[in-house]
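> any chance you could fold what I've pasted below:
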Amino acid sequence: MSNNKLKFGVSACLLGFKYRYDGTADKWQELIDKLKDVADFVPVCPEVESGLPVPRPKMHIRPSSKGTRLVVADTGEDLTDMMMQWAEVKLEQLELRQLDGFIFHSKSPCCGFCTTKLRTPQGRILSDKASGLFAAAFHRKFPQIPIGDERDLDAFLKKIKIMTEEEE
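Predicted coordinates for the structure are as follows:
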């Protein structure tokens, strides 16, 4: 029996996993309700899967001469290399899954796509339209795969509908 459902990567906290920095979830029932009959979900949490604890200190992204860096907000500890090593392996795994789309958690320093605050070392906001490290890496590797977030689910679904109509 073949499964004709679409495959969507989804930030795990949106599916109810208690993986956020403070140990909570940010479950979006609307996302689950709208897609459960047409899609299989592939939960992904860059922070937990890369070995960071729950709960964990807040993190943010900041620019540097080495590119965008993921740092612990209070200490400035740079977690970029660890995150990118994990992301390289994870992206290879996701390529094998042949995803039809990815729904990221907005504003996240790892998963936000064009919704994340880019900050100076002093915490001043330079932009609120940056992408988190994993979302940016995902988009670089899979530029053709539709990306959305929980705040604009309808726009994401329109992208998917257009994509599936073009394939027919």
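
> could you give the mean pLDDT of the longest helix seen in the chain?
In the chain, assigned by DSSP state H, the helix with the most residues is helix 80-97. Mean per-residue pLDDT for helix 80-97: 98.

> restrict that helix to CA atoms and write it as CSV.
The C-alpha atoms that make up helix 80-97 are tabulated as CSV, following Å, rounded to 0.1, in the frame of the first residue of the first chain:
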residue,chain,number,x,y,z
THR,A,80,28.1,28.0,15.8
ASP,A,81,30.7,25.3,14.9
MET,A,82,28.9,22.6,17.0
MET,A,83,25.6,23.5,15.4
MET,A,84,26.9,23.6,11.8
GLN,A,85,28.6,20.2,12.2
TRP,A,86,25.3,18.7,13.3
ALA,A,87,23.5,20.5,10.5
GLU,A,88,25.7,19.1,7.9
VAL,A,89,24.9,15.6,8.9
LYS,A,90,21.2,16.3,9.5
LEU,A,91,20.8,17.9,6.0
GLU,A,92,22.2,14.7,4.4
GLN,A,93,19.7,12.7,6.4
LEU,A,94,16.9,15.0,5.3
GLU,A,95,17.9,14.7,1.7
LEU,A,96,17.2,11.0,1.9
ARG,A,97,13.7,11.7,3.3
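
> i'd like the first residue to be 14 from this point on
Got it, first residue is 14 now, which makes that one helix 93-110.

> which SSE is immediately downstream of it?
strand 114-117 (DSSP states H and E).

> show me what that following strand is packed up against.
strand 19-24, strand 160-162, helix 166-180 (3 or more CB pairs under 8 Å, 6 or more residues apart in numbering; DSSP states H and E). (Glycine included, C-beta is placed from N, CA and C.)

> turn the ones you listed into CSV, including mean neighbour count, mean pLDDT and distance to Cys58.
Supplementary listing: the helices and strands packed on strand 114-117 in CSV, determined by neighbours: other CB atoms under 10 Å; pLDDT from 0 to 100; distance: least, CB to CB, whole Å:
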stretch, mean neighbour count, mean pLDDT, distance to Cys58
strand 19-24, 22, 96, 7
strand 160-162, 22, 94, 15
helix 166-180, 13, 74, 19
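
> having no further points to raise, I will conclude here.
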